[in-house]
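no sequence for this one, just the structure:
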């Protein structure tokens with residue numbers, strides 16, 4: 001059973017997970033979600049960028065500070081490559097657009113839970129550029 005915490009994502013998505021072996025909790029409050037992450041230590045955290053917007057990068061770090069083994073996936077309507085890159089540098093393991101979340105949610109969570117990343121090949125190239133530049 002994969003423990004999943006969804007922050008800022010409507011419970012409409014719960015229908016996607018009904019037949020899967022996932023225990024998912026939904027939070028609309030970022031403080032409650034942070035406290036729950038510390039207590040539950042979810043395997044995967046799906047975080048809507050719109051919850052904190054420019055403060056999302058710091059919030060990712062906070063989540064990982066209280067739940068170090070959790071893997072964070074950021075979802076949003078549309079993020080620039082630089083915003084996605086900043087989320088990844090903050091500790092996120094992936095990014096998915098909200099418009100296609102219902103199609104990829106289950107596969108994405110399973111992939112992330114298995115220790116892989118969920119980013120485009122283009123973003124992998126940008127990450128490599130950043131690493132080479134350091």
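Ah, there it is. Fair warning: this is a prediction, and the values are worked out from it, not measured in the lab.

which stretches of this structure form helices?
With DSSP state H, the ranges of helices along the chain come out as 14-17, 30-40, 56-66, 81-90, 101-113, 121-133.

And those helices: which comes nearest residue 5?
Shortest distance between residue 5 and those, using CB to CB, is found for helix 30-40: 6.0 Å. All C-beta spots, glycine's among them, are computed from the backbone N, C-alpha and C.

Next, the buried residues of that closest one.
Judged by neighbour count (16 or more other CB atoms under 10 Å), helix 30-40 contains these buried residues: 30, 33, 34, 36, 37.

and that helix, what other elements does it pack with?
The criterion is 3 or more CB pairs under 8 Å, 6 or more residues apart in numbering; DSSP states H and E, and the helices and strands that helix 30-40 contacts are strand 2-7, strand 22-27, helix 56-66.

what angle sits between that helix and strand 2-7?
Orientation check (axes from the mean of the first three to the mean of the last three CA atoms, to 10 degrees): helix 30-40 against strand 2-7 gives 160 degrees.

neighbouring contacts of helix 30-40?
3, 5, 7-8, 25, 27, 45, 51-52, 59, 62-63, 66-67, 70 (CB atoms under 8 Å, 6 or more residues apart in numbering).

Now a PyMOL select for only the buried ones of the residues you listed.
This is the PyMOL syntax for the buried subset of the contacts of helix 30-40, where burial follows 16+ other CB under 10 Å:
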select buried, resi 3+5+7+8+27+45+51+52+59+62+63+67+70
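
of all the contacts of helix 30-40, which two lie farthest apart?
Put simply, by CB to CB the two of the contacts of helix 30-40 set farthest apart are 3 and 52, 21.9 Å from each other.
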